[in-house]
Structures are given as C-alpha cells and as structure tokens.
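[1] Sequence first, then the predicted structure, then my questions.
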Amino acid sequence: MESETDEMRECLIDCLRPRLKELIVVDRVLDLIDFIENEKKERIRQKARNDGDISAADYLINAVVQKPHTPGWFTAFVDALNTGGCKFAADYMQLNLPTPEAEAENENCVRFIHLLIPSLADMATETVCAHCFSKRLLTIDERDRIMAEIVNRGSRSGARELLRRIIKCPPGWYSTFLQVLKDTEHHVLYNELTGNEGSDKKPSLKDKPIATRESPTSAESCDGTESMEITVNEQPMDQSTGHTKQTFCDSEPLLSFADGSALEVARSPEKEITLRDYQMEVAGPALEGKNIIVCLPTGSGKTRVAVYITKEHLDRRKAEGKPRKVIVLVNKVPLVEQHYSAEFLPFLKNKYKVERVSGDSQLKISFTEIVKKNDIIICTAQILENYLERANSGEDEGVNLSDLTLIIIDECHHTQKGGVYNHIMMRYLKQKHKNKRLVKEQKEPVPLPQILGLTASPGVGGATKMEKAEEHILRICANLDASRIMTRRQEEFKKEQRKIVVSVEDRREDPFGDVIKKIMTAIHNHAELTPTCDLGSQNYEQWVVQKERQAAKDENQKVRVCAEHLRQYSESLNLCNTIRMQDAFSFLNKYYEEEMKKKTAPEEEHKIQITDSERFLFNLFKDNKKELETLAKNPEYENDSLSKLRTKILHEFSSRDEARGIVFIKTRRSAIALNQWIQENPKFADIGVKSAYVIGGGDQSVVKPMTSAEQKDVLKKFGNGQVNLLIATTVAEEGLDIPACNFVIRYGLVTNEIAMIQAQGRGRAEDSSYTLVEVKNSGVAEKECVNEYRKNMMNKAIQKIKSLNQAAYEKRITEFQLQAIMEEKVRMTKKKQKDIKNESPSNVKFSCRSCSEPICTGDDIQIIENMHRVNVTPQFRKLYIQRENTTLQERLLDYETNGFIACKNCGQRWGSMMMYKGIECPCLDVKNFVVNLNGKKISKCTKWNEVPIKFSAFDYAEHAINMTMSDNSDDDETM
C-alpha cells in the first residue's frame with residue numbers, strides 16, 4: 001500500500017514538474033532536505049551556480065523522486081518547501097491550486113516583470129528590498145542575499161536578484177510589489193507597471209523598446225547585462241549557453257490581464273544574445289573598448305561572448321557616428337563556416353552585414369571589396385595577412401589595420417613566434433609604438449583596432465618553473481596587446497570530470513612484432529646502421545628520419561633507401577601496438593605493392609633501374625610475407641591496449657542511457673583502422689555503437705585527407721545521433737564545434753597541456769568521464785602526469801598575473817613588446833641579407849632524391865601564378881617518364897593535373913604533369929629533390945617557400961610560339 005502511495009506521489013511531482021522548476025529556489029530548500037546525500041547536494045548546488053535555479057531544480061526533483069524512498073520523504077519535501085519560503089510550490093504539492101483565472105493572471109504578471117527588467121533594474125534596490133521584506137515578500141535569508149549582491153555586484157545586479165525571488169511568491173505578490181514601488185516613491189516605475197501615464201490602458205512595449213543591457217558607457221555597464229532566469233512555461237533550451245530562450249508565438253501577441261487590458265509584445269525575428277553572469281563578467285573590459293584575452297574552458301561559450309561584444313561594439317560606434325568594421329580571425333578553414341553559420345550570422349544578420357572568406361572560397365580574390373561592403377568578416381588569418389602585406393608593399397589597395405575597428409582572434413594562444421597571428425599583431429605593435437612617437441611630435445596617430453583574444457588555455461610553453469610559465473603567458477598578452485586576461489572565477493568552475501588512466505600489460509608473446517624486428521635488424525646490418533633506442537619508439541622514428549635526410553645529403557643511396565623502408569616497418573610496429581596486427585600487415589603489403597609499381601616502366605622497351613639495396617629489401621619482405629600474414633590472423637597475439645579500449649567502450653555504452661563519446665588517436669591511418677575494427681565487431685553493434693572517423697584536411701600525410709564538407713557531415717551526424725562514437729585525430733581537439741558528449745578517451749595519445757584541456761572540454765555533458773588508455777612505447781601515462789602539473793602551473797600563473805597591479809603589468813607587457821619588435825627587426829635584416837645573397841637562380845641546383853642524378857638549375861625553373869614551379873626545357877623532358885594517376889585528376893582554374901612525372905633512371909616521383917592553357921608543364925615538388933644552394937646541400941625542403949629564390953615568371957606566349965615553330969619544323973621534315 002505504501003509503495004502505491006509513493007508511486008502516486010511520484011506521478012504527482014512529475015505532473016507538476018514544469019511549475020515546480022519555476023517556483024523552487026534551490027539554495028533555500030536544499031539544506032532542509034535530509035534524505036538527499038551530501039555528495040548529490042553538492043552537485044545540485046554546483047548546477048545552480050553554473051546553470052541557474054531552473055536547471056538545478058530539475059536535478060533536485062530527480063533526487064527527491066529517486067528510489068528507494070525513506071519513510072516520510074514526501075512530507076519532508078513539502079515541509080522543506082514551506083520552511084524555505086517556497087510556499088507557492090508547497091501549495092501545488094498539496095493540491096491547494098489557484099483558480100485557472102488567478103493562475104493565468106499570475107503568469108502574465110511574471111511575464112510582464114520579465115519584459116520590463118531593463119527599467120526595473122534602475123530601482124533603489126536597498127530601499128525596495130527593505131520594504132519587500134516588511135511586506136513578507138522576502139525572507140530574512142533572501143534579504144541578506146540581495147544585500148550581499150548589491151555590495152558585491154552593484155544595485156542593478158541586486159535588483160535582478162530581488163525580482164527573481166519575488167516572482168516565485170504565491171499569487172497576490174504583484175499588487176504588493178506595486179504598493180512597495182508606490183511607497184518608495186518610484187512613481188515612474190509604478191506608472192509603467194500600472195499603465196497610469198495619462199491613459200487607462202497598459203503601456204505598449206512599442207513605445208519603449210526592451211533592451212538586454214545599457215550602453216556600455218554607463219557606470220555599471222558590466223552589471224547591466226546579466227540575464228535573469230525567469231520563465232513562465234518551459235521553453236526550448238539553447239544548447240550553446242544553457243539559457244532558457246524566451247519566445248513569443250505569433251498566436252499570442254498580447255499579454256492579457258484581469259481587467260481586460262493587454263500589453264503588446266515586441267517581436268524580433270533575430271535571435272536574442274543572452275549571456276550568463278560569468279560570461280558578462282569576462283566581457284566587461286572589452287565592452288569598455290579595452291584589449292583583453294577571454295580565457296574560458298571549452299564549451300563555456302567564448303564565441304557567444306565574442307558575438308555579444310561585437311554587437312555592442314558596432315551598436316556603440318553606430319550611435320556615435322564612427323566607422324565600424326569587425327574581422328574575426330580563425331586558424332582552420334572549417335571554423336570559418338562554423339562561426340559564420342552557428343554564431344555571428346543568426347544573432348547579427350538583421351542589423352549588420354556578415355560575410356565569410358576562406359582559402360576554399362572564391363571571395364578571397366576580392367577580399368578588399370568584401371571588407372569595404374560588410375560590417376563583420378570571418379576569415380582565415382592568412383588571408384588578412386596577405387592583404388595587409390599588399391597594402392604595405394603598395395602592390396594594390398589591400399587592407400590596412402586602420403580600416404578595422406575590432407579584431408577577434410580565435411585560439412589566440414597561437415599568437416607566438418612564426419605564427420600568422422603573430423605576423424598580424426607585429427604590424428599592430430609596430431604601429432602602436434609609432435603612434436606614441438607621433439603623439440609626442442603632436443601629429444595625428446594612426447587609428448588601431450580593438451583586440452579581443454579567445455582561448456581555452458594559453459598553456460605554459462614547455463615551462464618547468466612558475467617564473468617561465470608566467471613569462472610565456474605574459475608574452476602572449478603582450479603579443480595581443482591585452483590590458484587584462486579574463487577568466488572565470490575559480491569557485492565558479494564546474495566539477496572536474498572523472499579521470500581514469502588504464503594501464504596495459506605487455507604481450508606474453510609477440511611473434512608478429514618479433515618478425516618485424518628481425519627484418520629491421522637485417523636492414524640495419526645491410527646498411528651498417530646501429531640504432532641506439534628501442535625499435536618502434538618515437539626516438540627510433542626520429543633517428544631514422546635523421547639518417548634518411550643525412551644520406552640524401554651525402555648521396556648515399558644505400559642508407560637513404562634502407563632508412564625509408566625502416567620508417568615503414570617502425571610505423572607497422574606502432575600500428576601493431578595500437579590497432580590489429582592485420583592492419584599493420586595490410587599497411588606494409590600496400591607499401592611494397594606501390595614500391596614495386598614504381599619500378600615497373602609504362603613501356604616495356606624502357607627499364608627502370610633497381611639497385612642492389614632495393615632488390616634486397618623487396619626480397620626480404622617477400623621472404624617473410626607469408627609468415628606475417630599467418631600471424632596477423634591469430635587473435636591470440638593481439639595487444640592488450642585494444643582489449644582495454646574495447647572493455648571501456650562497452651562499459652560506457654552499457655552503463656549510460658544515451659552514451660556519446662570521442663576516442664582521440666594519434667594518426668589518420670590509426671583512426672581509419674580503429675573505426676573499421678569497431679564497425680566489424682558485432683559486440684559493438686549489439687549495444688548500439690554507431691562509429692565514424694574525423695581526420696584533418698591537410699595534404700602533408702600520405703593518407704587521403706578529409707575535406708571540410710566531409711568533416712562537417714560527420715559532425716552533423718554526431719550531433720543528431722546518427723553517429724554516437726567519434727574516432728578523431730587531434731583535429732577535433734581544438735576549435736571545431738563538436739556537440740556535448742559524456743565520455744572522452746585518449747587512446748595512446750598525449751601531446752601538451754593545451755591539447756589535454758581542450759580534449760577534456762569535449763566532455764561537456766553532466767557526469768562525463770575522461771579516460772587515458774596506455775599504448776606500448778607511447779609513454780602517455782607519464783606525459784599525462786606532466787600535463788596535469790603544467791595545467792595546475794598555468795592556472796596558478798594566470799592568477800598571479802591577474803593579481804599584479806596594473807602599472808607593474810603594463811610595464812612588463814611593454815618590455816616584452818619592445819623586445820619582440822627588436823627581434824623582428826633583426827630577423828627581417830637577416831632575411832634581406834639572405835635574399836640578396838641568394839638572388840640568382842643559377843646558384844641553386846636540383847638532384848634526384850633517390851638516385852642523386854643532377855636534374856636542373858634554378859635558371860631552368862619558371863613559376864606560374866606565383867605558385868607552380870615548372871621546368872619546360874627540352875633537356876628536362878628527356879629525364880622523366882610520365883605515368884597516369886587517376887587520384888590526382890582534379891580540374892582547377894586554368895590548369896589541370898592528370899598524371900605524375902618520375903625519374904627515368906630510378907622511378908622516384910618528381911611531381912605532376914600539369915595542363916596549363918593547353919600546354920603540358922611538368923610541375924615539380926621540391927620535397928622529391930636534394931637542393932644544392934651555393935654549394936650547400938639542403939635535404940629537408942618540404943615546401944617551395946623554404947627555397948629563397950625568385951624564379952622567373954612563366955612566359956606563356958613565348959613558350960607557345962616556340963612549340964608552334966618546333967611543330968612546323970617537324971612537319972617540314974616529314975614532307
């Protein structure tokens with residue numbers, strides 16, 4: 001019988017849940033309930049601090065109805081509501097319900113108060129609070145909390161706290177509150193609430209627009225923007241901020257009152273920007289026009305803060321009649337569309353022109369015009385740098401810093417030496433210090449934009465001591481000319497995720513790995529190499545790369561080709577320790593198939609040279625291939641890491657109602673193989689695991705990159721639940737908008753403290769977990785401990801910097817800025833000297849990386865569209881063979897690539913055959929050559945910009961005429 005009564009009470013609470021969530025003040029009630037565990041109470045308090053009363057009340061109700069129940073639980077809950085000042089909620093629980101008419105009028109009164117918050121926040125809060133307490137609208141505890149809020153945050157913040165409390169009183173509070181306003185001589189507010197402004201009807205909101213904040217020039221601009229969590233009924237939740245959205249449907253344009261009058265509701269098709277208290281606090285200095293860094297954890301709404309600051313910046317300058325131009329800089333192409341579609345456009349499209357430009361966009365060609373015609377431009381940083389340089393060199397109009405009024409730099413911790421962010425900011429700092437000189441000379445300074453940096457973690461730059469960590473962060477602040485670094489108060493941070501480190505055991509037997517190591521030892525003996533570290537380790541891989549580069553430089557083809565093959569075996573060992581043995585075997589088998597194809601001539605009459613070392617390497621793999629293939633199929637020898645990962649994933653999906661997680665892994669190849677393993681394993685399918693992988697879009701890897709469209713498609717499926725397990729490389733750690741998930745696993749991958757913080761931040765859901773699974777030879781457990789230490793060091797360093805008085809802070813910032821400017825001058829001087837020294841293309845010579853055969857000099861190379869290096873000389877044409885390559889067929893502007901060229905002597909690939917305006921042009925890739933610059937060999941050039949030579953421009957007309965004359969002479973000889 002008791003259980004049936006409990007079920008009825010649970011049903012009652014669930015039915016009343018929407019109303020109870022609005023009426024319960026969590027901090028009043030929670031301490032009065034003794035049947036909820038202390039740990040659970042702390043989580044509810046944390047929820048209230050982070051997300052407000054409504055979300056926390058929902059958690060509280062869940063805790064109340066959770067079984068098993070203690071005797072008298074329902075009565076205890078009702079008593080707690082009554083004692084805690086939530087009498088209206090207690091009345092509902094006891095079914096002392098107001099009439100539908102009274103409830104509807106109370107609902108309208110609540111909504112009316114909410115609409116007039118901007119005006120009501122101007123009340124004399126202390127006086128009103130005292131009168132509300134005397135009229136029993138507030139308890140002693142509530143009065144004390146409001147007074148504390150006034151002292152700590154200002155009168156306006158106290159007013160919002162007061163309003164949040166009184167609207168939860170039983171019906172009748174509205175008329176009492178009106179009397180308080182009248183008694184305290186708030187005649188304007190009283191008339192606004194009653195409509196007694198010369199007419200009998202309620203005031204229309206069209207007569208006075210409702211704003212979410214004051215002008216930032218007001219004395220309490222930082223306080224004037226904090227939102228109140230006041231709702232009438234449940235509205236959709238904004239996932240990005242956690243705030244309840246206030247929406248008014250077209251079918252309900254009026255708020256009706258008992259006297260038959262109505263208040264017309266102002267509608268806006270544009271989404272309203274709502275910030276939480278901590279977001280408004282960090283935005284404060286920027287709203288006053290100061291340069292700042294906003295440092296908030298991943299998932300805390302940094303971009304939403306930036307959107308709000310942008311709107312306020314544009315509104316203020318528009319009102320002042322000043323020019324306004326905002327540019328948002330990102331460091332990855334997918335982030336351009338993400339910020340445009342998800343953040344800036346939805347909130348600002350009605351008032352301002354918003355446009356996005358990236359390297360994938362044709363709009364980059366007319367970037368100057370895009371900047372002129374739009375108010376907000378979101379682009380990759382390199383595009384802005386290119387156009388700043390154009391303006392500086394006088395090449396064309398370009399873009400000047402003085403054209404901009406606000407620059408927002410996303411992931412601003414990259415504003416360090418060598419980065420494109422730093423190049424842009426160096427221009428800013430130089431002009432800033434020039435301006436100081438201009439002011440002394442009583443000349444007009446050049447206007448500079450406001451700077452806003454966004455980051456989840458500035459890191460410590462590899463520091464091992466607090467002093468160096470402070471210096472690293474201060475240098476970033478100096479590079480961004482930040483007057484302050486703004487963070488959320490320590491007490492407001494959400495509770496740390498559950499963190500688990502899963503250790504693994506070495507295989508008792510590893511016959512597959514033993515065969516690989518036997519092959520590697522044979523190659524060492526053949527090439528007379530003596531490694532000093534464990535085979536397959538990261539140190540070994542670095543050692544092999546160094547040997548390959550040195551051998552290419554020394555023209556030692558035996559060591560070079562052996563080192564290249566050793567890299568592949570080292571990679572297969574890593575795959576064997578991370579994924580399945582069959583994945584490692586497939587990788588090796590595919591590599592050797594491709595190598596054999598290189599040595600096969602397209603025409604039978606021509607033979608490509610195969611050296612003794614290459615023949616030895618091919619035969620060595622062939623001799624061991626069968627044994628490797630057999631061992632790879634034996635599950636008995638699989639690695640323990642994969643077993644532990646399987647157990648962890650199965651646990652997460654079986655212990656959660658709706659599991660959604662990310663597994664971070666080191667390489668693209670591993671990500672693809674791991675995803676394939678999960679999809680082929682029936683155990684995962686049985687518990688509803690739906691996996692997909694997301695990898696980077698760069699083309700530096702031999703693995704085919706993912707396009708931004710493909711990335712976006714996978715993330716969209718992850719967001720809507722079509723995919724619930726994401727296998728990702730580090731591309732997903734930073735920046736990309738990945739929906740909230742409740743578990744994060746780093747599988748044999750640890751980089752630095754910034755990446756660790758960002759990866760942890762991907763687990764945004766409540767009760768999320770963070771797991772590190774060890775992999776053999778990765779050393780991830782030790783690295784993670786170091787990163788935790790650095791994370792704590794970083795937080796302490798930030799707090800220490802924030803505690804500096806402003807004069808001391810600015811002195812250090814100025815010193816670092818001047819140092820950076822001087823270092824830049826020295827660097828530019830050296831660069832000019834280097835350019836002068838290497839000004840002649842004849843000083844550079846190129847030889848085949850594989851066989852060391854001399855190929856050409858810089859005089860033979862021409863450049864097309866400042867991008868493509870081609871060699872169209874008759875002598876060069878005799879040195880290569882041409883192969884079909886369907887994977888390279890892609891149509892571009894005036895050219896297309898439909899094959900590649902390779903060394904006729906050894907088969908080494910040199911580049912691609914490009915069709916440019918009807919002419920075949922062999923396009924060279926510098927990484928396939930050894931470069932000899934003024935007698936000095938350079939073996940590690942991977943990009944053409946690393947070769948400081950100004951090649952002559954390709955003369956299309958001259959080459960076309962020469963080809964025509966050559967064809968005519970051939971025709972004459974035939975006749």
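    Looks like it came in fine. Keep in mind the model is a prediction, meaning the values are calculated, not measured. Residues are numbered from 1 along each chain as shown.
[2] From now on I want contacts and neighbour counts done on CA atoms only, so please keep to that.
    Will do.
[3] which intervals of the stretch 851-975 of the chain have sub-threshold pLDDT?
    Within the stretch 851-975 of the chain, the stretches falling below the threshold (pLDDT under 70) are 885-898, 939, 966-975.
[4] now do 80
    Low-confidence regions of the stretch 851-975 of the chain, defined here as pLDDT under 80, cover residues 884-898, 933-936, 938-940, 945-949, 962-975.
[5] In it, what residue spans correspond to helices?
    With helices called from DSSP state H, counting those that start in this stretch, the stretch 851-975 of the chain shows them at 874-877, 956-974.
[6] now the stretch 551-700 of the chain
    For the stretch 551-700 of the chain, applying DSSP H, counting those that start in this stretch gives helices covering 557-578, 581-598, 612-632, 640-655, 668-680, 682-686.
[7] Need the per-residue pLDDT for C249.
    pLDDT recorded at C249 is 35.
[8] Please disregard the earlier target; I meant V501.
    V501 is assigned a predicted lDDT (pLDDT) of 78.
[9] What count of nearby residues applies to the nearest residue to it once chain neighbours are set aside?
    Leaving out its chain neighbours, the residue that sits closest to V501 by CA to CA, 6 or more residues apart in numbering is L772, at 4.7 Å. Using other CA atoms under 10 Å, L772 has 23 other residues around it.
[10] likewise G299?
    By other CA under 10 Å, the residues close to G299 number 21.
[11] same question, N928
    By the other CA under 10 Å criterion, the neighbourhood of N928 contains 21 residues.
[12] That one reaches S852, doesn't it?
    No - contact between N928 and S852 fails when scored by CA atoms under 8 Å: they sit 10.8 Å apart.
[13] out of everything not next to it in sequence, what's closest to I813?
    For I813, the spatially nearest residue (CA to CA, 6+ apart) is A478, at 4.9 Å.
[14] Model confidence score at that neighbour, please.
    Turning to A478, the model gives it a pLDDT of 93.
[15] distance between the ends of stretch 710-728?
    Length of stretch 710-728, first residue to last, CA to CA, to the nearest Å: 13 Å.
[16] let me redo that: stretch 847-856
    With CA to CA as the measure, the first residue of stretch 847-856 is 7 Å from its last.
[17] got it, and stretch 132-144?
    12 Å.
[18] residues of the helix or strand hosting Y59 that come out buried?
    Taking DSSP states H and E as the definition, Y59 sits inside helix 53-65. Counting neighbours by 16 or more other CA atoms under 10 Å, one finds that the buried residues in helix 53-65 are 53-61, 63-65.
[19] Using CSV, list the CA coordinates for that helix.
    Output of helix 53-65 as CSV, limited to C-alpha atoms (Å, rounded to 0.1, in the frame of the first residue of the first chain):
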residue,chain,number,x,y,z
ASP,A,53,17.8,27.6,-10.4
ILE,A,54,15.6,26.1,-13.2
SER,A,55,18.2,23.5,-14.2
ALA,A,56,19.2,22.9,-10.6
ALA,A,57,15.5,22.5,-9.5
ASP,A,58,15.1,19.8,-12.2
TYR,A,59,18.1,17.9,-10.6
LEU,A,60,16.6,18.4,-7.1
ILE,A,61,13.3,17.0,-8.2
ASN,A,62,15.1,13.9,-9.7
ALA,A,63,16.9,13.4,-6.4
VAL,A,64,13.6,13.7,-4.5
VAL,A,65,11.7,11.1,-6.6
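[20] Now do the very next helix or strand once past it against helix 53-65, angle only.
    Toward the C-terminal end, the helix or strand that comes next after helix 53-65 (DSSP H and E) is helix 73-83. Put simply, helix 73-83 runs at 150 degrees to helix 53-65, going by axes from the mean of the first three to the mean of the last three CA atoms, to 10 degrees.
[21] could you say which helix or strand contains I485?
    For I485, the element it lies in under DSSP H and E is strand 484-487.
[22] Can you list the strands that that strand pairs with?
    Each strand that strand 484-487 pairs with, and the sense of that pairing, follows from DSSP bridges: strand 292-295 (parallel).
[23] ok, residues contacting the partner strand?
    The set of residues external to strand 292-295 that reach it, using CA atoms under 8 Å, 6 or more residues apart in numbering, is 282-283, 285-286, 302, 451-458, 477, 480-488.
[24] So which elements touch the next helix or strand after that strand?
    Using DSSP H and E, the helix or strand that follows strand 292-295 in sequence is helix 302-319. Helix 302-319 is packed against helix 277-287, strand 406-410, strand 450-455, with contacts defined by 3 or more CA pairs under 8 Å, 6 or more residues apart in numbering; DSSP states H and E.
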